[in-house]
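>>> coords below, sequence missing:
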């Protein structure tokens with residue numbers, strides 16, 4: 001009986017760890033995606049400004 005209980009405990013621990021790692025990776029991915037989007041917006045805006053200035057001149 002005790003072995004079964006400890007086995008189920010270890011399985012639940014593994015699931016907790018997996019869920020925690022999944023949450024952490026999800027947060028990291030969200031952070032990276034946000035950074036990438038900000039970078040894209042800034043580069044596109046600067047590129048558009050350069051094009052606009054060239055057109056004006």
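Received the coordinates, thanks. Note that this is a predicted model, so its numbers are computed, not measured.

>>> Quick one: distance of whichever strand or helix holds residue 44 to the chain centre.
For residue 44, the element it lies in under DSSP states H and E is helix 2-56. How far helix 2-56 lies from its chain's middle: 0 Å, per CA atoms, centre = their mean, to the nearest Å.

>>> ok, so what distance separates residue 40 from residue 12?
Distance from residue 40 to residue 12, counting by CB to CB, to the nearest Å: 42 Å. Glycine gets a C-beta too; all of them are placed from N, C-alpha and C.

>>> try residue 31
Residue 31 is 29 Å from residue 12, where distance means CB to CB.

>>> likewise residue 18?
Counting by CB to CB - residue 18 and residue 12 are separated by 11 Å.

>>> Repeat that for residue 26.
In this view, residue 26 and residue 12 are 21 Å apart by CB to CB.

>>> Kindly report the same for residue 41.
Per CB to CB, residue 41 is found 43 Å from residue 12.

>>> Please apply the same query to residue 21.
15 Å.

>>> now residue 22
For residue 22, the distance to residue 12 - CB to CB - is 15 Å.

>>> swap in residue 52?
From residue 52 to residue 12 the distance is 59 Å (CB to CB).

>>> go on, residue 23?
The separation that residue 23 has from residue 12, given CB to CB, amounts to 16 Å.

>>> Likewise for residue 25?
Counting by CB to CB, the gap from residue 25 to residue 12 is 20 Å.

>>> and what of residue 51?
58 Å.

>>> now residue 49
Taking CB to CB, one finds residue 49 at 55 Å from residue 12.

>>> residues in contact with residue 47?
By CB atoms under 8 Å, 6 or more residues apart in numbering, residue 47 lies in contact with nothing.

>>> Distance-wise, check residue 15 relative to residue 26.
For residue 15, the distance to residue 26 (CB to CB) stands at 16 Å.

>>> which residue is nearest the centroid of the chain?
Among the residues of the chain, the one closest to the centroid is residue 29, at 1.1 Å (CA atoms, centre = their mean).

>>> quick one: pLDDT of it?
Residue 29 carries a pLDDT value of 94.
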